[in-house]
Each structure stands twice: as structure tokens, then as C-alpha cells.
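Novice: okay, sequence plus prediction incoming.
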Amino acid sequence: MMFPPVDLDKSYRIIDVLEEIAKERESTVARIALAWVLHQPAVTSVIVGAKRPDQLQDNLAASDIELTPDELARLDEVSKLPAEYLTWPFMEEDESIIRKHP
């Protein structure tokens, strides 16, 4: 078992969407991934892991990318976390618990 646990299938689905967007934009997956992180409201900075100057330049170019609402929606959809609270087993058995979300 990996720690922390990683859903590899989900990770590969996210990478697939990143690759699609990168191809559409004639960009790199790394640049699109960093641009996506930079578009998150709670993110104020990003740490890059470049080993070579060309990687650093590619990473820095992510700050110039404005992802479209459609691209952001595609990435958000494929990466969203499951609603774990709503799937707790005891909630399925207790009808007295009011569910406010589907």
C-alpha cells in the first residue's frame, strides 16, 4: 500500500485530461498542470521542481497561461474528491439523518 494512498486510475485520468489540454494548446503537461494549480483560489504560490534551466523556463511560462472556463471545468470534474462524509456507512442505515446534498 502506498502512503499516502493514491488512486492511480484517477491520477491517470487527470493526466489524460492535462495531456489533451496541452496538445490543444501546443504546450506541455507540466505547464498546464502548474497553470491549473495557479488558477485555484486558495493557492498563492507554487513550488516548482525543475532540474534544468529549460524545465525552469517551461514552469515559469505557466504563469502566462489563462485556462478557459471549459478547461478548468474539465480538470475540476476529473479531479474532484468523492463526497466521503455522505458515503459513511452509518448514514445509509439511519433515516433520521437529514441529507442536505445529493
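Specialist: That came through, no problem.
Novice: what sits against the residue positioned nearest the centre of the chain?
Specialist: Centroid-nearest residue in the chain: residue 79, 4.7 Å away (criterion: C-alpha atoms, centre = their mean). Shown in contact with residue 79 (C-beta atoms under 8 Å, 6 or more residues apart in numbering): 10, 14. Using the backbone N, CA and C atoms, a C-beta is placed for each residue, glycine as well.
Novice: low-scoring pLDDT stretches of the chain, where are they?
Specialist: 1-2, 83-102 (pLDDT under 70).
Novice: where exactly do the strands run in it?
Specialist: In the chain, no segments count as strands under DSSP state E.
Novice: show me the contacts for residue 66.
Specialist: Taking C-beta under 8 Å, 6+ apart, one finds residue 35 in contact with residue 66.
Novice: one more time with 10 Å, if that's ok
Specialist: By C-beta atoms under 10 Å, 6 or more residues apart in numbering, the contact list for residue 66 reads 35, 38-39, 72.
Novice: show me the helices in this protein, by range?
Specialist: With helices called from DSSP state H, the chain shows them at 8-25, 29-38, 53-60, 69-79, 89-93.
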